[in-house]
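Asker: I would like the atomic coordinates for the input below:
(one chain, ligands or ions: 1)
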Amino acid sequence: MHHGHCTWHQGPADDVALIVVHEQGSGPGGGEYACLPCAARLPLTHYGQAAFEAIASLKERAASGKDGTGPA
Ligand SMILES: [Zn+2]
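Answerer: A predicted model of the protein is given here:
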C-alpha cells in the first residue's frame with residue numbers, strides 16, 4: 001500500500017495517485033496526490049493521460065490489494 005496524503009480532501013489516505021507533477025528548478029518538487037474517492041471526481045480531461053493512468057493503477061490496487069497481500 002502507498003499511504004499518503006490527499007491534496008483534495010487535505011488528509012491522509014490509504015493509497016493515492018499522482019495527479020499533478022510540480023516541476024521545480026529547486027526544492028523538493030513533488031506533486032498533487034489524490035485518493036481514490038477524490039480522484040473519481042476529478043476532471044481528467046484537465047489533468048491528462050498521466051493522471052488517468054495513475055488513477056487506473058490506483059483502482060487496480062484498491063481492487064486487488066485490500067488484504068495487503070499483494071506485491072510491494
Ligand atoms: Zn481525497
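Asker: separation between the residue nearest to residue 11 when sequence neighbours are not counted and the ion?
Answerer: Closest residue to residue 11 in three dimensions, ignoring its sequence neighbours and counting by CB to CB, 6 or more residues apart in numbering: residue 5, at 7.2 Å. (Glycine included, C-beta is placed from N, CA and C.) From residue 5 across to the ion, the span is 9 Å (CB to the ion, to the nearest Å).
Asker: after whichever strand or helix holds residue 5, which helix or strand is next?
Answerer: Assessed by DSSP states H and E, residue 5 sits inside strand 4-6. Going down the chain from strand 4-6, the next helix or strand is strand 11-13, by DSSP H and E.
Asker: following that next one, which helix or strand shows up next?
Answerer: Next element after strand 11-13 (DSSP H and E): strand 17-21.
Asker: what is the helix or strand just after that following strand packed up against?
Answerer: Once strand 17-21 ends, the next helix or strand along the chain (criterion: DSSP H and E) is strand 31-34. Where contact means 3 or more CB pairs under 8 Å, 6 or more residues apart in numbering; DSSP states H and E, strand 31-34 is packed against strand 4-6, strand 17-21.
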